[in-house]
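Sequence plus predicted model, see below.
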Amino acid sequence: MKKVLFVSNTHNLSVGSYRIWIHDLNQYLNTAGLQSQIYKNSMNISEYDIIICSKNDVQVAIELKQKYPNKKVGVINLSADKRDLPIDFVIVGSLEEKDSLAHYENVFLFPLIENMYQNKEDYKKHEEKGVLRIGYHGSYTHLAKFDPFLKEALEEAEKKCNIELLVITSPASFKWKLGRPNIKNIFMKDWNFLTVKNDLLSCDVGVIPNITHIPFNLLEHKTSVDHGLYNTDYIIRMKNKSNAGRAFVFHQLGIPVIGDNTPSNYHILGDPKCGFIAHSKEGWLKALLSLRDHETRQHIANSAKMAFDTLYDPINWSIRLYSNMLNMYKEK
C-alpha cells in the first residue's frame with residue numbers, strides 16, 4: 001500500500017481548498033482503510049510515496065519533486081495558466097477544470113464534497129411560511145452574476161410573494177452594486193465556519209449564479225448560417241474552475257437548488273425532479289415561484305439528496321482518486 005502525505009502552508013478550516021481537499025480528503029482516505037496523513041514538522045517525508053500539496057504550495061511541490069524524484073508529487077486546484085511544471089499530477093474539482101488542465105499528463109477529479117455538511121441530523125424539514133428565504137453562499141465575486149436575469153427575477157418575484165435574500169459571503173461589508181436586486185429585504189452575513197451551517201439551514205431555496213451573460217449586441221459576428229450561429233444562441237462565460245460545490249452544500253442540507261447553465265450543475269439538476277436549471281429571467285422566476293410551496297421544496301430536496309448520496313459518496317470518490325494515483329506507478 002502506498003502512503004499519502006498532504007502538505008499545506010495553512011491548516012485553516014475556513015479556507016475551502018484546505019478544508020475539502022486536505023482536511024476532509026485525508027479523513028476520507030483513512031476511513032477507506034488507506035494510509036494518509038497531513039504533514040507536521042516532525043514527520044519524515046521520505047516515508048511517504050504520494051505527496052499532495054495545497055494550491056498555494058506550488059513551489060514546495062517543485063522542490064519536493066526535485067528532492068524525491070521517485071515519489072509522485074501533485075498539486076490541488078492548480079491555476080490553469082501554470083504550464084510545464086515538474087510535477088506528476090493535478091487534483092481538480094470539476095470536469096470543466098479538468099479539461100482546462102489537460103496539458104498535464106495526470107489530472108484527477110475529486111469533487112467538492114464537504115464533510116461538515118454530511119450529518120443527517122442537520123437535514124432541513126420544510127414548513128409552510130409567510131416569507132420565502134432565498135439563500136446564496138460563496139465568494140463575493142459571484143454576486144455580479146445575479147446580473148441581469150436573476151436580479152430581474154427576484155424583483156419580479158417580490159411583486160408576487162414575500163421574499164428575502166440572505167447572502168453569506170466574506171467580507172459581508174462588500175459594496176455589492178452590479179447584480180444587486182432592488183428588493184426590500186437583503187441580508188448580508190459573513191461566512192463563518194462556526195455559524196454557516198445554521199445560516200444556510202434558515203434558507204428555503206438556494207440559488208447558484210456563476211456564469212456571465214454576454215449581450216448579443218456585443219458580438220462582432222452576430223449570426224452566420226455557415227458557422228451555425230443564430231440569434232437565439234446561448235452566449236455565456238465562466239471560470240475554468242467552475243464546479244457544483246455550492247449546490248452540493250444545499251443538497252446535503254436538504255435545500256432545493258436553482259442553478260445556472262454551468263455544466264457541472266447538470267449532473268444532479270439535469271433531472272427536473274432534483275431541482276432547476278435557469279438562465280433567462282423567466283426561467284429563474286418560474287423556479288422561484290414554484291418553490292413557494294413547502295411540500296414541493298421538500299420533495300425536490302429529498303430527490304436531490306438521494307441523487308447526491310448516490311453520485312457523490314466521498315469514500316467511493318476517495319478510493320477512485322487513490323487508484324488513479326497508484327496507476328501512475330504502472331505507467332512506463
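Arrived safely, thanks for sending.

For the longest helix seen in the chain, which outside residues touch it?
Assignment by DSSP state H gives helix 294-311 as the longest helix of the chain. Contact with helix 294-311 is made by 123-129, 204-205, 248, 251-252, 254-257, 267-269, 271, 273-275, 290-291, as judged by Cβ atoms under 8 Å, 6 or more residues apart in numbering. Just so you know, the C-beta spots here come from the backbone N, C-alpha and C atoms, and that holds for glycine as well.

which stretches of the stretch 1-150 of the chain have low pLDDT?
Scanning the stretch 1-150 of the chain for pLDDT under 70 picks out nothing.

which residues of it fall in helices?
Ranges of helices within the stretch 1-150 of the chain are 16-18, 25-31, 58-67, 95-100, 149-158, based on DSSP state H, counting those that start in this stretch.

center of the chain, which residue is that?
Residue closest to the average C-alpha location in the chain (Cα atoms, centre = their mean): Gly245, at 2.0 Å.

Pull the contacting residues for the nearest residue to that one once chain neighbours are set aside.
Leaving aside its sequence neighbours, Gly245 sits nearest to Leu112 (Cβ to Cβ, 6 or more residues apart in numbering; 3.2 Å). Counting by Cβ under 8 Å, 6+ apart, Leu112 touches Gly16, Ile20, Gly93, Asn243, Ala244, Gly245, Phe248.

which among these gets closest to Gly138?
The nearest member of these to Gly138, counting by Cβ to Cβ, is Gly245 at 8.5 Å.

how's the protein carved up into domains?
4-113+312-327, 117-311 (automatic domain parsing).

re earlier: okay, and which of the contacts of helix 294-311 map to helices?
Residues of these located in helices (DSSP H): Phe248, His251, Gln252, His267, Ile268, Leu269, Ser290.

what's the pLDDT at the fourth one?
Just to be clear, that refers to His267. Looking at His267, its pLDDT reads 98.

what sits against Ser17?
Contacts of Ser17 (Cβ under 8 Å, 6+ apart): Ser54, Lys55, Ile76, Asn77.

what's the spacing between Leu201 and Leu165?
Counting by Cβ to Cβ, to the nearest Å, the separation of Leu201 from Leu165 is 16 Å.

ok, those two, which is more surrounded?
Legend: neighbour count by other Cβ atoms under 10 Å for Leu201 and Leu165, higher for Leu165 (22 against 15).

From Met325, how far out is the residue nearest to Leu29 when sequence neighbours are not counted?
Excluding its sequence neighbours, the residue lying closest to Leu29 (Cβ to Cβ, 6+ apart) is Ser36, at 3.9 Å. Per Cβ to Cβ, Ser36 is found 11 Å from Met325.

Please consider this matter closed, and thank you.
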